[in-house]
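A.B. asks: what would the 3D arrangement of this be:
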Amino acid sequence: MNEINVIGGGLAGVEAAWQAAKAGASVRLFEMRPLRQTPAHRTDQLAEIVCSNSLKSDESGSASHLLKEELRRGNSLVMEAAAACRVPAGAALAVDRKQFAEYITNRIKANPQIEIVRQEVTKIPADAITIIATGPLTSESLTFEIMKLTGGDQLYFYDAISPIVAADSVDQSIAFRAARYGKGGDDYLNCPFDEAQYAVFYQALIEAVSVPLQRFEETRWFEACLPIEELARRGVDTLRFGPMKPVGLVDPRTGREPYAAVQLRQENLMADAYSLVGFQNHLRYGEQARVLRLVPGMERAEFLQFGQIHRNTYINGPSVLSATMQMRSASNLFFAGQITGVEGYVESVAMGWLAGWNAARLSTGKELLIAPPRSAIGALARYVSSAETRNYQPVNITFALLQPLRPEQARSVRRKRDRHLLQVKLALEEWDQWLHEITSEEPLMAMAK
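C.D. replies: All right, here's what the predicted structure looks like:
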């Protein structure tokens, strides 16, 4: 039996384990929880989502949709779970995080090819085929081993989690249901501000007391996930043009667009909890309650979870990885997920998907796969294996990463959105052809079923 170790039971790890097992490998999936918890996790479930419950846009023609569609067509377990546990979120794909984790855990447990090992891994196996998918919250001992393995200092940035409130504690005589630009109907709750209310909220926010970071560490925020208080310090209107932008929203009480608005997104299928969209922060809990209760409609908010901050660990992918997710200096080792330098749930899943395939192929002596150049997965793999190593930063999937259209193709469509739609169409055509070719190979036929 072809044996593969997968270290880490997060989104990338479960996807890698699933794909390798479907290819016929015997997989040992190591997860240290509940024997050892992380600063952000709360349960012992696999694929527990600790930040936002949104997997971002699933709007046709977007780069994010393209990535999801490639995974769906590749029989992704995580995409299967997301479809089964979806909650209303307009054009975004959001999930009931509890049901999502339970769904994946049950599917993994039921797979006879996968053994779940509840154990912290402190040493990387020297000879076994191993996928390291420990994510941004890699334990200290294993981080040290990875540092020795990759030959350099660890990289890191700080990430933060948004608060969650009880739905029945939001005053819906003030908060109203709508989605920006009319996308998604009434999927979001919106708390509207007038100019005076915003001024009071802004002043309280920038004066609020934060949780101090660890000493002797340089603060490296990921730009796409800045804490609201850090964002606010860039200027009084920064929030109004960011997470609090009111564009496309009409307050039914006034018939006008509010000066600013906080959006709340449904957290679960019971619709009894809502998260504050884009309100990740690292304020002290008491300060969060004080400041966020200045939001109109949230004066009596009951907080089910306060925002918090945690340190994310990732490697300098281009210095050590190939586009197959295999280490250049150790052919039996693969990395997958956020630790490679991708940012985002689905991006992490994609790297796990590719690593799982290639670990299984290595175990049977097959040539490893490089994802098609037009594809979103191919673009992410290209980035983590060949980007500039100096000042290497985590990325989400964007059209800037995708292979551009040829000049004649670009000239055939005028509007930017139409060019993006054409890029997605061509990418999926190439992806489908590639999938057909690789899933027709034995013993990987099971992947196509």
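A.B. asks: most distant residue from the centre of the chain?
C.D. replies: Residue farthest from the centre of the chain, counting by Cα atoms, centre = their mean, is Thr254 at 36.8 Å.
A.B. asks: so that one: helix, strand or coil?
C.D. replies: Here Thr254 is coil, with the state taken from DSSP: H, G, I helix; E, B strand; the rest coil.
A.B. asks: now do Thr313
C.D. replies: Thr313 is classified as strand under three-state DSSP.
A.B. asks: with Gly341 as the reference, measure out to it.
C.D. replies: Computed as Cβ to Cβ, to the nearest Å, the Thr313 to Gly341 distance reads 11 Å. Just so you know, the C-beta spots here come from the backbone N, C-alpha and C atoms, and that holds for glycine as well.
A.B. asks: could you tell me which residues make contact with the closest residue to Leu294 other than its chain neighbours?
C.D. replies: Excluding the flanking residues, the one nearest Leu294 by Cβ to Cβ, 6 or more residues apart in numbering is Phe201, at 4.7 Å. By Cβ atoms under 8 Å, 6 or more residues apart in numbering, the residues touching Phe201 are 193, 291, 294-295.
A.B. asks: do you know how far Phe201 is from Arg290?
C.D. replies: Distance of Phe201 to Arg290, given as Cβ to Cβ: 11 Å.
A.B. asks: also Arg107?
C.D. replies: Arg107 is 42 Å from Arg290, where distance means Cβ to Cβ.
A.B. asks: of those two, which one has the most company?
C.D. replies: Legend: neighbour count by other Cβ atoms under 10 Å for Arg107 and Arg290, higher for Arg107 (18 against 14).
A.B. asks: tell me the average confidence for stretch 359-375?
C.D. replies: For stretch 359-375, mean pLDDT is 96.
A.B. asks: hmm, who's touching that stretch?
C.D. replies: Contacting residues not belonging to stretch 359-375 are listed as 2-4, 16, 19-20, 23-25, 66, 70, 129, 131, 323-324, 326, 331-332, 334, 354, 357-358, 377-379, 381-382, 402-403, 423, 426-427, 430-431, 434, 438, 441, 443-444 [Cβ under 8 Å, 6+ apart].
A.B. asks: restricted to helices, list these.
C.D. replies: Taking DSSP state H, the ones among these that sit in helices are 16, 19-20, 66, 70, 354, 357-358, 377-379, 381-382, 423, 426-427, 430-431, 434, 438.
A.B. asks: ok, of those, which come out buried?
C.D. replies: Neighbour-count burial (16 or more other Cβ atoms under 10 Å) is assigned, among those, to 16, 19-20, 66, 70, 354, 357-358, 377-379, 381-382, 423, 426-427, 430-431, 434.
A.B. asks: and the strands in the stretch 1-150 of the chain?
C.D. replies: Using DSSP state E, counting those that start in this stretch, the strands of the stretch 1-150 of the chain run over 3-7, 26-30, 54-57, 86-87, 92-95, 114-117, 129-132.
A.B. asks: quick one, what contacts the closest residue to Arg33 other than its chain neighbours?
C.D. replies: Leaving out its chain neighbours, the residue that sits closest to Arg33 by Cβ to Cβ, 6+ apart is Asp44, at 4.9 Å. Taking Cβ under 8 Å, 6+ apart, we find Asp44 in contact with 31, 33-34, 118.
A.B. asks: where does the prediction get shaky in the chain?
C.D. replies: Applying pLDDT under 70 to the chain flags the ranges 1, 37-41, 152-160, 184, 213-225, 310-311, 441-449.
A.B. asks: helices along that one, start to end?
C.D. replies: Assigned by DSSP H, the chain shows helices spanning 11-22, 63-73, 77-84, 97-110, 140-150, 195-207, 228-232, 285-292, 317-320, 345-363, 376-386, 407-411, 416-439.
A.B. asks: most tightly packed of the ones you listed?
C.D. replies: Burial of these is given as mean neighbour count (mean count of other Cβ atoms under 10 Å); helix 11-22 ranks first at a mean of 30.
A.B. asks: count of residues packed around Gly8?
C.D. replies: By other Cβ under 10 Å, 29 other residues sit near Gly8.
A.B. asks: how far away is it from Phe279?
C.D. replies: Taking Cβ to Cβ, one finds Gly8 at 28 Å from Phe279.
A.B. asks: how about the closest residue to Gln119 other than its chain neighbours, what does it touch?
C.D. replies: Distance criterion Cβ to Cβ, 6+ apart; nearest residue to Gln119, sequence neighbours excluded, is Phe30 at 5.9 Å. For Phe30, the contact set (Cβ under 8 Å, 6+ apart) comprises 5-9, 117, 119-121.
A.B. asks: pipe the residues you listed into CSV and attach distance to Val78 per row.
C.D. replies: What follows is these, written out as CSV (distance: Cβ to Cβ, whole Å):
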residue, distance to Val78
Asn5, 20
Val6, 14
Ile7, 18
Gly8, 14
Gly9, 12
Val117, 20
Gln119, 23
Glu120, 24
Val121, 22
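A.B. asks: pull out the buried members of those residues.
C.D. replies: Neighbour-count burial (16+ other Cβ under 10 Å) is assigned, among the contacts of Phe30, to 5-9, 121.
A.B. asks: what's the most distant pair in those residues?
C.D. replies: Using Cβ to Cβ, the pair of the buried ones among the contacts of Phe30 lying farthest apart is Asn5 and Gly9, separated by 12.3 Å.
A.B. asks: so what's the residue count around Glu115?
C.D. replies: By other Cβ under 10 Å, the residues close to Glu115 number 16.
A.B. asks: what residues are bridge-paired with it?
C.D. replies: Legend: beta-bridge partners of Glu115 under DSSP bridges are Arg28.
A.B. asks: hmm, it is touching Glu31, no?
C.D. replies: No. If you go by Cβ atoms under 8 Å, Glu115 and Glu31 don't touch, sitting 11.2 Å apart.
A.B. asks: intersection of neighbour lists for these two?
C.D. replies: Common contacts of Glu115 and Glu31 (Cβ under 8 Å, 6+ apart): none found.
A.B. asks: gap between Arg118 and Gly185?
C.D. replies: Distance, Arg118 to Gly185, using Cβ to Cβ: 43 Å.
A.B. asks: so which of those two has more stuff around it?
C.D. replies: Per other Cβ under 10 Å, whichever of Arg118 and Gly185 has more neighbours is Arg118, with 14 against 11.
A.B. asks: list the residues that contact the residue nearest to Tyr181 when sequence neighbours are not counted.
C.D. replies: Distance criterion Cβ to Cβ, 6+ apart; nearest residue to Tyr181, sequence neighbours excluded, is Gly248 at 3.9 Å. Counting by Cβ under 8 Å, 6+ apart, Gly248 touches 178-182, 257.
A.B. asks: mind doing that once more with 10 Å?
C.D. replies: Gly248 sits next to 178-183, 257, 261 when contact means Cβ atoms under 10 Å, 6 or more residues apart in numbering.
A.B. asks: again, but for Val121
C.D. replies: When contacts are counted by Cβ under 10 Å, 6+ apart, Val121 is found next to 5, 7-8, 30-32, 130, 132, 134, 139, 141-142, 145.
A.B. asks: out of those, the closest to Lys98 would be?
C.D. replies: For those, the nearest to Lys98 is Glu31 (17.4 Å; Cβ to Cβ).
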